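Engineer: Sharing a model prediction with you, sequence too.
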Amino acid sequence: MNHAPDSEPREAAAHWVEGDAAKRHGADAGPIEPVPSDALLRGRSAVHIEHNGTLYLLRATRLGKLILTK
């Protein structure tokens, strides 16, 4: 497993993540844009997400963490 060295500046670390994501999603995928959790939750504490026929529950905790369960 590849890890970004701790001594790299933030920009280089971001580039490393984008490069790693491109390897997983295909060379032409380009950078993966972040989606704010607010855009998914839209003021709710939980939302159902259907993925490949399976229903998941994404919920925000009182401590600001996200939990995804089947």
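Structural biologist: Thanks, I have the structure now. Residues are numbered from 1 along each chain as shown.
Engineer: Can you classify Leu40 by secondary structure?
Structural biologist: Following DSSP: H, G, I helix; E, B strand; the rest coil, we place Leu40 in the helix state.
Engineer: Identify the residues contacting it.
Structural biologist: The neighbourhood of Leu40, defined by Cβ atoms under 8 Å, 6 or more residues apart in numbering, consists of 47, 49, 58. To be clear about C-beta, it is placed using only N, CA and C from the backbone, and glycine gets the same treatment.
Engineer: Only the buried subset of these, as a PyMOL command please.
Structural biologist: This is how PyMOL selects the buried members of these, with burial counted by 16 or more other Cβ atoms under 10 Å:
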select buried, resi 58
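Engineer: Pull out the buried positions in stretch 56-70.
Structural biologist: Under the neighbour-count criterion of 16+ other Cβ under 10 Å, stretch 56-70 has 58, 60 buried.
Engineer: what's the straight distance from one end of it to the other?
Structural biologist: 4 Å (Cα to Cα, to the nearest Å).
Engineer: outside of that stretch, which residues touch it?
Structural biologist: 37, 40-41, 45-50, 54-55.
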